[in-house]
Every structure is written in structure tokens, then in C-alpha cells.
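1. No sequence on hand, only this structure:
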């Protein structure tokens, strides 16, 4: 045996040598367990749980897709339409002001005949959400895109809202 470990082992008696070698074996086994096996098995368990969760989500999405297909064949869920043939631009402008968000409205732009883009700044988030729910439920307007960011003041937001009439472009939504 060469080097200091060999000299130390050579100086020990047979029983002591077996104890030291057994201790080294136990320490080596613990190192392998804690540094290799345990992290690997925990990661494997996490991935198995994640795969199960993803499978549940896919199953739920497939169930929902079947329901969407059924509703489309049946004509969908009836939605209210604005009275008097009011344009989407006029409806969006009027409703945002009625909801008390007129001061937050920075710009309104028509995008074709069936879409309107609105920019809001320092708008109360809860009021924006209530306004969008009202537009959807009472007037049958679809929120095509919603991108809101937080303002410095808590509860306030800024961003862009795209509103559309449903079913105008033939894809069932826009």
C-alpha cells in the first residue's frame, strides 16, 4: 500500500483495519445515496406526478373540446345583441364611459368593421373586469385580446383591449 492511507492501514491491527474499511464503505454508500440516488428518485417522482397532472389536463381539454363541438353544432350559447344596431366602436366608447372608466381611456381605434382596440391607463382593474363581463354578457361582445400591466398605484392597470363581434370571420369566435 502506498501513500499515507496505506501506511495508516498497515499500522492498524486486523480488527481495526476491518472497522476503518467498513466505515469507509458506509460513508461511501451514504455519499452515493444522498448525492446520487435520493436526488434522482425525487426528480423521478416529481416527473411522474407532473405527467399525471398533464394527463388530467389533456383529458379535461378533450372533454371540453367535445362540448365546444357539440355547442357549435347546436348553435352555441345564445348571447345578447346590442339594440338598435349600434356599432361596436360606439358601444365600446359608450360603455367604457358609463362604467366610469372614461378618464382612463386614452385611445379607441376601429380595426376593420368588427373589431375595436382600446388603450387604458390608470384604470381600476376590478372596474375593467366588470366592464368586460358586462360587455360579454349583455352585448355579446368577445374579448379578443387583453393585455394589462400594473401601474405604480395598487389596483390600477394600463394596457390594451381588443373587442370583437363573435362569428364574423367564420371561425366561430372572431
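-> Arrived safely. Since this is a predicted model, take the numbers as computed values, not measurements.
2. Now do the helix or strand bottoming out on mean pLDDT in the chain: which elements does it pack against?
-> Least confident helix or strand of the chain, by mean pLDDT, DSSP states H and E, is helix 3-11 with a mean of 80. With contacts defined as 3 or more Cβ pairs under 8 Å, 6 or more residues apart in numbering; DSSP states H and E, helix 3-11 has these neighbours: helix 14-32. All C-beta spots, glycine's among them, are computed from the backbone N, C-alpha and C.
3. so the helix or strand following the helix it packs on versus helix 14-32, what angle?
-> Next along the chain after helix 14-32, taking DSSP states H and E as the criterion, comes helix 38-74. Orientation check (axes from the mean of the first three to the mean of the last three Cα atoms, to 10 degrees): helix 38-74 against helix 14-32 gives 20 degrees.
4. Okay, buried residues for helix 38-74 please.
-> Buried residues in helix 38-74, defined by neighbour count with 16 or more other Cβ atoms under 10 Å: none.
5. so after it, what's the next helix or strand?
-> Later in the chain than helix 38-74, the nearest helix or strand by DSSP H and E is helix 88-98.
6. what's the distance between the residue nearest to residue 166 when sequence neighbours are not counted and residue 135?
-> Closest residue to residue 166 apart from its sequence neighbours, by Cβ to Cβ, 6 or more residues apart in numbering: residue 142 at 4.8 Å. From residue 142 over to residue 135 the distance is 9 Å, taken as Cβ to Cβ, to the nearest Å.
7. tell me the pLDDT at the most centrally placed residue in the chain?
-> For the chain, residue 57 is the residue whose C-alpha lies nearest the centre (Cα atoms, centre = their mean; 12.9 Å). pLDDT for residue 57: 90.
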